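Asks: Below: sequence and its predicted model.
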There are 2 protein chains.
Amino acid sequence: MGSVERIKAVAHRLLKARHAGYQLVVVVSAMSGETDRLLSLAKGISAHAHGRELDVLLATGEQVTIALLCLALETFGCPARSYLASQVKISTDSAYNKARILSIDSGPICEALQAGKVVVVAGFQGIDVEGNITTLGRGGSDTTAVALAAALKAEECQIYTDVDGVYTTDPKIVPEARRLDQVTYEEMLEMASLGAKVLQIRAVEFASKYGVPVRVLSSFGEGAGTLIKPEDNTMEQVQISGVTANRDEAKFTLVGVPDKPGIASAILGPIAQCNIEVDMIVQNIGSDGTTDFTFTVHRNDYERTMGILKDVASQMNPRQIEGDNKIAKISVIGVGMRSHAGIAAQMFGALAAEGINIRMISTSEIKISVVVDEKYLELAVRTLHSAFGLEQGPQISAPLERSR
Amino acid sequence: MGSVERIKAVAHRLLKARHAGYQLVVVVSAMSGETDRLLSLAKGISAHAHGRELDVLLATGEQVTIALLCLALETFGCPARSYLASQVKISTDSAYNKARILSIDSGPICEALQAGKVVVVAGFQGIDVEGNITTLGRGGSDTTAVALAAALKAEECQIYTDVDGVYTTDPKIVPEARRLDQVTYEEMLEMASLGAKVLQIRAVEFASKYGVPVRVLSSFGEGAGTLIKPEDNTMEQVQISGVTANRDEAKFTLVGVPDKPGIASAILGPIAQCNIEVDMIVQNIGSDGTTDFTFTVHRNDYERTMGILKDVASQMNPRQIEGDNKIAKISVIGVGMRSHAGIAAQMFGALAAEGINIRMISTSEIKISVVVDEKYLELAVRTLHSAFGLEQGPQISAPLERSR
């Protein structure tokens, strides 16, 4: 939600959908810049504002938008009604600033829909069991929308963003990147957590759990967007849906630590205690009674992690501690990967052909990630995008080839 | 409530009061300029925004302040808790934009006070029986404060304003104007409705109804302010508490209308139907079967009223319709007036001595108002302020003189 002009544009769009015969429940976020304005007010009071009162403050952003959107709809002659989290009992736990939705009372919304109204609900916010205001964390409005769609058994949950869908990769890196017509929840989860900042991860998890079809659309254009939905037969046949890149990580290697049980927890325990999240972990097989232990953390945690490792080193005497915060993580993602051998070989081969050295590998059921030097990020993405033919439409393999 | 700096200053002040041993419940209004900002957003959507959604919008102003004030208190090490109208069930009727408070659930507040917290409540807002957000109209935070004080049986309700108390008259007109240590509810009501814009009239009515002592103080200084309280023996002995002036009215006279029953309603009926409020009404005794009928309306309604009167005139044939929107209403107010004869004579005499012609007179139990030409406003106020010795302290008459 941008300016007042944006709100009017959204109201017009809703009118169109209404004339097409749909009953509409709309979840809105704060107007563009509003959350930052509120946060800066809080910072003016306290550098580390958090907890209950911060949520009371931030929740006003969405409250302003629901009121303005309803005023706009009413001005255009369309009956509308706004709802705060407290008014439709969007119950959450009490984890202020990052609460999780537990349940929603769809009763008042259904009544308003029956009465012919467009329902406008404040996203991002909830109430706990004592009636305190909570918020769901940045991007929480997506989660509110999916949760409401689940509670109302909506036909589809449409999420309007500043992009017109989910792409095979970042179009800024690969101009040939193609908008996907559809992806599975699992693919979207991997893409979201790997740097395709289209949708909040929790929103996708929620959609997956309740089987809510979610469509990502542009707030500005008219395209069909990307439908995120359960896996089906057609989709399975696509090997790779996308390539993602991420430069948020830093890598550490402890060279020559004792190759004995408990070594991983001795290294990672102190790091976890400092609330530093570890992403990839690789331990090579040792030969001379020692081994190399490698892992990645968020790049912001580089200095802190290095400090912790220097303490840890005093006990386990590694030959060397190597830190590298100039890395990139490149991943290929696709549910089809499960039933097709050779994706990994194809990926590593393509990168090698361009002289890109792979520093680390990790895999999941529907994804292969490699760590390379940061300078190769764009080249690696372009290489893989082309190697898997993503600039063309879906590659449908003959059903016979499927091994399931 | 002004800027973030103001909020910190208020927090400091609250800490002091807390250290002095008081349990504190604080009602806040929106930050300076915030309500206007929200209104201009609404205007951007719809020129005549009103009703339910406008209240949803406006209520965010106070929500921002309660959160920031609690964050400030917590930063200073003082436990605090904010409450929205919905959280302490400030129940109102459903008259959006100008709702009236019906009841308050003081339970949660008492619990928080017991737990040693400073309680911060959003002023100006309420909820109706269906849980819709309502607002109380401009200045509504005063009413919230008084209503809460009544519900909690507070020792005193302190209202912090941009003036340091209630004055005998406007110090801009009479530099010798004196701050009153105390006034009665009735006097304050007359003063508020006559132009001393210190407190919302409804707040005073509420205080009077429930006997809540209200103290008007400066947000900036340290003075004792003015205590507004029930009448008592000492206060009765003061004849006149203050002089007020008001240039918001316009006067109409229908000269020579038939002197027969029903004439007043024939004139005023059509005006009331257009929702124009009439303040003073005077009808002189007729002599030749006709009479002169004079009344005042708000100056903004001057043109509309004149239009209506021209229609009315076609039925009752007055000799003339006189309109004057260059008038001022000057009033002297005091509960002591009830027990002292001669106030009116003294007032009219003082004005006559300065050559100020009185165009209209109206009286109530504790007030005498006159209408004069607007050009005499300042002179009339200064003359009466001096004639009743208001620049000196209270004039205590001997009890024997009292006629009650």
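Replies: Yep, it's here. Numbers count the residues shown, from 1 in each chain, chains lettered A, B, ... in the order given.

Asks: shouldn't A:Arg338 be in contact with A:Glu365?
Replies: Yes: counting by Cβ atoms under 8 Å, a contact exists between A:Arg338 and A:Glu365, whose distance comes to 5.9 Å. Bear in mind the C-beta positions are built from the backbone N, C-alpha and C, glycine included.

Asks: if you count what's nearby, which of the two comes out ahead?
Replies: The residue with more neighbours, out of A:Arg338 and A:Glu365 and counting by other Cβ atoms under 10 Å in any protein chain shown, is A:Arg338; that gives 15 against 9.

Asks: ok, for the closest residue to chain B within the stretch 101-250 of chain A, nearest residue in space, not its chain neighbours?
Replies: Each residue of the stretch 101-250 of chain A has a distance to chain B, by Cβ to the nearest Cβ, and the smallest belongs to A:Gly131, at 5.7 Å. With sequence-adjacent residues excluded and distances taken as Cβ to Cβ, 6 or more residues apart in numbering or on different chains, A:Gly131 is closest to B:Gln87, at 5.7 Å.

Asks: number of nearby residues for the one you found?
Replies: By other Cβ under 10 Å, 22 other residues sit near B:Gln87.

Asks: does it really touch A:Glu130, like I thought?
Replies: No: in this structure, B:Gln87 sits apart from A:Glu130 without contact. The criterion is Cβ under 8 Å, and the distance is 9.2 Å.

Asks: which intervals of chain A have sub-threshold pLDDT?
Replies: Applying pLDDT under 70 to chain A picks out residues A:1-2, A:193-196, A:233-238, A:340, A:394-404.

Asks: how about a cut-off of 80?
Replies: Applying pLDDT under 80 to chain A picks out residues A:1-2, A:138-139, A:192-198, A:221, A:232-239, A:260-261, A:284-288, A:338-341, A:393-404.

Asks: Show me where it has its helices.
Replies: Using DSSP state H, the helices of chain A run over A:4-19, A:34-45, A:52-75, A:107-114, A:140-152, A:185-193, A:201-210, A:233-236, A:263-273, A:302-316, A:343-353, A:377-387.

Asks: which one of the ones you listed lies closest to B:Tyr83?
Replies: Nearest to B:Tyr83 among the helices of chain A is helix A:52-75; the distance by Cβ to Cβ comes to 9.3 Å.

Asks: between the closest one and helix B:52-75, how big is the angle?
Replies: Counting by axes from the mean of the first three to the mean of the last three Cα atoms, to 10 degrees, helix A:52-75 lies at 170 degrees to helix B:52-75.

Asks: What residue in the stretch 251-400 of chain A comes nearest to chain B?
Replies: For the stretch 251-400 of chain A and chain B, the shortest gap (Cβ to the nearest Cβ) falls at A:Asn275, measuring 22.3 Å.

Asks: how many neighbours does A:Thr134 have?
Replies: With neighbours defined by other Cβ under 10 Å, the count for A:Thr134 comes to 28.

Asks: Identify the bridge partners of it.
Replies: The residues paired with A:Thr134 through beta bridges, assigned by DSSP bridges, are A:Gly126.

Asks: which residue lies farthest from the center of chain A?
Replies: Distance from the C-alpha centroid of chain A, by Cα atoms, centre = their mean, peaks at A:Asp288 (42.2 Å).

Asks: Okay, buried residues for stretch A:243-250 please.
Replies: Of the residues in stretch A:243-250, those with enough neighbours to count as buried (16 or more other Cβ atoms under 10 Å in any protein chain shown) are A:243-246, A:249-250.

Asks: I am finished for the moment; much appreciated.
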